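Asks: return atomic coordinates for the entry below.
(one chain, ligands or ions: 1)
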Amino acid sequence: MNSYDIFRNLTRGIKFNHKKFGDDLQRIGVSKRDKNQEQNIDREGTHNLSEREPKIESEFSSKDFIENGEENWNVKLFNDRIFDSSLNTSKKSGKNHKDGNSNIKSERQKQLEMMQQKINRIRKLNGIHVWGSDIPEPLLSFDQLVQEYKVNEVLVNNLINQGYSTPMPIQMQAWPLMLQGREVLGSAPTGSGKTAAFLVPILHQLQGPKKKGFRFVVLAPTRELAKQTHRECIRLSEGIGLRCHIISNVNRARKMFGAHTAKKFDILVTTPNRLIYLLQEGDTPGIDLSKVEWLVIDESDRLFEAGIRGFRDQLAVIYKACSNPLVKRALFSATFAFEVQHWCKLNLDNVAMVSIGARNSASEDVKQELLFCGAEHGKLFALRDILRKGYKPPVLIFVQTKERAKELFKELVYDNIMVDAIHADRTQLQRDKVVHAFRERKIWVLICTELMARGIDFKGVNLVINYDFPQSVISYIHRVGRTGRAHHVGRAVTFWTLDDKPKLRSIAQIIHNSGHVVPEWMLTLEKPGKRRKKTLQRTTPVRGHVSQYDVYREREFFQKKIKETKSRKLAKKALRETEVQENDASPLNIEQPLAASDEISTKKLKRKHQKVDMTQHNETKRKKEPI
Ligand SMILES: Nc1ncnc2c1ncn2[C@@H]1O[C@H](COP(=O)(O)OP(=O)(O)OP(=O)(O)O)[C@@H](O)[C@H]1O
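Replies: Modelled structure (predicted):
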């Protein structure tokens, strides 16, 4: 239910003076009643706004918003719908309307219609899809920020100093919405400026430092992304005086944010885990979030995931800690989960949803291809082949696990390539150094795990190689999105083997949808059933070793183990046999009659001993013989 629904329910049965409130009623979609309606209403004695009002949820449902992400999706605004519907209801009312049609469509309505058409055109041109009530017009230039929304000029200059000349589509629509204080769910392709889309309006609204404590919190799924957002925040707020902090060490942060010192800061960028640690450890929370005015969840679908990978439980604790009743929330991501959308509709106040381009699609600026490598060891040949033919650094290579990252690193480090690896086993300091060196172009090829798949903005990555096939479509979109950012062109090559065939169709479809060529048969592969799809999403194929050398080494290791265990078993057996022999020789056994089975086993033993004696005899004989 949005604010207009609430308004409609509250005003049920109330008659409005159309002369006085004409403009407002028109804005929320109540057309001037004709005579028939007037009579009906009088008879019923009510003025049921909700019945007259087109329900946006049913006409322009969230499903439309999500599913009609295709190009032919006709963006219809809430106001547009209302306007059309007011005309439609008048048309339906028959004769009276025919005469009065020209009166209803007043000059002002015509102007409104034209304006609306213009807005629709802008949105269509930029692939902007919106859902919600009363969505403002998109901004087209930075000047509009200053002139219409009175945004701090220092902030706008900081944008220009970054080399930005015009707003990106997500910024065009998210800026006016957030500047009006609206809660937003924003989705736009990778590398399309979502960070600035939420930073600019909030930095403006904070109105400089206020010594109140944290008023703006940004949550990011990884430390690397939090660091990047923190840096961007400092860059954009330069000259405004806002103090931005990132939690790198929780113990230091605890001392820093104690009840008094926390007042020094305005903005906090962190991962949910670190914040939770501060909120829950000890008797009193190590951080006060009661003054938070804006809470932004970046990579929202990742943070909303349930289970060990997700942060859903942590988010609940953080929401609770942001106890300011006026706190506003905004969620952004390149990929869109129905669950997040559903949550937003239920929990956010008059939420506005903005989506750029088709839902869950890879960036069109990335040239994507699939490369069949046969089996696991074929990948290393393929990779060396790509690197040998010539490549333009920086290059990112994604692998499935940290073990594989280490193995691949060992392989490439001797190939005369400036290569390094980043994964969860490396210390924070090492990770920071690697990221820094990669940004500085001291490292040409960076091997990484899923850790670096989301949000990280390395300028000018030319090539992304999915050495291991991604676990899901979502993972694919984020991984290849590390290149082709901010309208630069990039390339992504995805290796696949027969083990990856079950997931091939979905990834091929994504590549096909973004306008790149994939073999036709891949698109017609059988779709997995619902249950299979779920298990596929959760599991990854067990991959062998990266290098053939490791395979041999492992085989040798196991063969040695098997030999060892065999010889151990034999030794044990021999020991047991000697024990039996000793027992046989004991006077106790001579006295006692043997059981039938014992008799057989002793017979067997004797035969074996005889055999052993014979072989020993033969060997000694052979030794004595001249060669
Ligand atoms: N208006 C703009 N004009 C030009 N470049 C911009 C603009 N806004 C942001 N950028 C640049 O675009 C790049 C990508 O921005 P950002 O990291 O915010 O993308 P994103 O949409 O958050 O990507 P991801 O989904 O991968 O997190 C950055 O290098 C940023 O500096």
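
Asks: from here on, just use CA atoms for contacts and neighbour counts.
Replies: OK.

Asks: distance from the chain centre to stretch 164-183, please.
Replies: Chain-centre distance of stretch 164-183: 21 Å, with CA atoms, centre = their mean, to the nearest Å.

Asks: quick one: end-to-end distance for that stretch.
Replies: 25 Å (CA to CA, to the nearest Å).

Asks: what mean pLDDT does that stretch get?
Replies: The average pLDDT within stretch 164-183 is 96.

Asks: helix or strand for L295, just tell me which one.
Replies: Assigned by DSSP states H and E, L295 falls within strand 294-298.

Asks: what's the following helix or strand past that strand in contact with?
Replies: Moving toward the C-terminus from strand 294-298, the next helix or strand (DSSP H and E) is helix 300-303. Contacting residues not belonging to helix 300-303 are listed as 220-221, 297, 310-312, 315, 331-333, 335-337, 340 [CA atoms under 8 Å, 6 or more residues apart in numbering].

Asks: got the residues of this structure near the ligand?
Replies: Within the chain, the positions near the ligand by CA under 6 Å from any ligand atom are 164-168, 189-196, 333-334, 454-457, 481, 485-486.

Asks: pull up the gap between K150 and A352, please.
Replies: Distance, K150 to A352, using CA to CA: 22 Å.

Asks: of these two, who's got more company?
Replies: Per other CA atoms under 10 Å, whichever of K150 and A352 has more neighbours is A352, with 24 against 12.

Asks: bridge partners for the more buried one, pull those for me.
Replies: Counting by DSSP bridges, A352 is bridged to V184.

Asks: list the contacts for it?
Replies: Here A352 is in contact with 130-133, 135, 177, 182-185 (CA under 8 Å, 6+ apart).

Asks: of the residues you listed, closest to the ligand?
Replies: For the contacts of A352, the closest approach to the ligand (CA to the nearest ligand atom) belongs to L185, at 13.4 Å.

Asks: surely the closest one and V351 touch.
Replies: Yes - with contact defined as CA atoms under 8 Å, L185 and V351 form a contacting pair (7.2 Å).

Asks: shared neighbours, those two?
Replies: Contact criterion CA under 8 Å, 6+ apart; residues shared by L185 and V351: C344.

Asks: give me the buried entries from the contacts of A352.
Replies: Buried members of these, scored by 16 or more other CA atoms under 10 Å, are 130-133, 135, 177, 182-185.

Asks: how's the chain carved up into domains?
Replies: For the chain, automatic domain parsing gives the domain ranges 3-86, 127-356, 367-546, 549-624.

Asks: I'd like to know how far R576 sits from L570.
Replies: 10 Å.

Asks: what about the closest residue to I240 other than its chain neighbours, how many neighbours?
Replies: In space, and not counting its chain neighbours, I240 is closest to G208: 5.8 Å by CA to CA, 6 or more residues apart in numbering. Neighbour count for G208, taken as other CA under 10 Å: 16.

Asks: so where is the stretch 251-400 of the chain shaky, pLDDT-wise?
Replies: Applying pLDDT under 70 to the stretch 251-400 of the chain flags residues 257-262, 282-283, 306-310.

Asks: closest residue of it to the ligand?
Replies: Nearest residue of the stretch 251-400 of the chain to the ligand: A334, at 4.6 Å (CA to the nearest ligand atom).

Asks: just the residues contacting the particular helix or strand that has I170 in it, thanks.
Replies: Using DSSP H and E, the element containing I170 is helix 169-179. Contacting residues not belonging to helix 169-179 are listed as 126-128, 135-140, 149, 183-184, 186-188, 192-194, 196-198, 200-202, 205, 352, 354-356 [CA under 8 Å, 6+ apart].

Asks: just the buried members of those residues?
Replies: For the contacts of helix 169-179, a neighbour count by 16+ other CA under 10 Å gives the buried set as 127-128, 135, 137-140, 183-184, 186-188, 192-194, 196-198, 200-202, 205, 352, 354-356.

Asks: let's see which of these end up in helices.
Replies: Members of these lying in helices (criterion: DSSP state H): 194, 196-198, 200-202, 205.

Asks: just name the closest of those to W444, please.
Replies: Of all those, W444 sits closest to K194, with 26.7 Å by CA to CA.

Asks: and the closest residue to that closest one other than its chain neighbours, how close does it get to N161?
Replies: Distances taken as CA to CA, 6+ apart place I170 nearest to K194, at 6.6 Å, with adjacent residues excluded. Distance of I170 to N161, given as CA to CA: 20 Å.

Asks: more neighbours: these two, which one.
Replies: Shown here are I170 and N161; by other CA under 10 Å, I170 has more neighbours (28 against 12).

Asks: which residues in the protein form strands?
Replies: Here the chain has its strands, by DSSP state E, at 128-131, 184-187, 216-219, 244-246, 267-270, 294-298, 328-333, 352-356, 366-372, 395-398, 419-422, 445-448, 463-466, 490-496.

Asks: can you verify my assumption that P394 contacts R482?
Replies: No - counting by CA under 8 Å, P394 stays clear of R482, with 10.9 Å between them.

Asks: overlap in contacts of the two?
Replies: Counting by CA under 8 Å, 6+ apart, the residues touching both P394 and R482 are V461.

Asks: between these two, who's got more neighbours?
Replies: A direct count of neighbours by other CA under 10 Å for P394 and R482 places R482 higher, at 30 against 23.

Asks: quick one on the thing from earlier: closest one to S237 out of the buried ones among the contacts of A352, please.
Replies: L177 (20.0 Å).

Asks: could you tell me the phi and psi values at the residue in the stretch 351-500 of the chain positioned nearest to the ligand?
Replies: Nearest residue of the stretch 351-500 of the chain to the ligand: G455, at 3.1 Å (CA to the nearest ligand atom). Dihedral angles of G455 (phi, psi; degrees, to the nearest 10) stand at phi 80, psi -20.

Asks: ok, it touching L225?
Replies: Yes - at 6.1 Å, G455 and L225 qualify as touching, with contact defined as CA under 8 Å.

Asks: which one of these two is surrounded by more residues?
Replies: Ranked by neighbour count (other CA under 10 Å), G455 and L225 place G455 first, with 27 against 24.

Asks: residues contacting that one?
Replies: 190-191, 225, 299, 478, 482.

Asks: where does pLDDT dip in the stretch 1-150 of the chain?
Replies: When residues are selected by pLDDT under 70, those of the stretch 1-150 of the chain lie in 1-105.

Asks: please name the residues that touch Q509.
Replies: If you count contacts by CA under 8 Å, 6+ apart, Q509 has them with L523.

Asks: against the ligand, how distant is it?
Replies: Distance of Q509 to the ligand, computed by CA to the nearest ligand atom, to the nearest Å: 20 Å.

Asks: ok, V200 next?
Replies: V200 is 10 Å from the ligand, where distance means CA to the nearest ligand atom.

Asks: distance-wise, check that residue relative to V340.
Replies: Distance, V200 to V340, by CA to CA: 23 Å.

Asks: now L219
Replies: Distance of L219 to V340, computed by CA to CA: 15 Å.

Asks: of the two, which one has the most company?
Replies: Using other CA under 10 Å as the criterion, L219 and V340 rank with L219 on top: 26 against 18.

Asks: would you agree that one is in contact with D298?
Replies: Yes - taking CA under 8 Å as the definition, L219 is a contact partner of D298 at 6.0 Å.

Asks: V146: neighbouring residues, count only.
Replies: Neighbours of V146 under the rule other CA under 10 Å: 14.

Asks: give the full set of residues in contact with it.
Replies: V146 sits next to 152-153, 156 when contact means CA under 8 Å, 6+ apart.

Asks: if anything else comes up later, I'll come back, but that's it for now.
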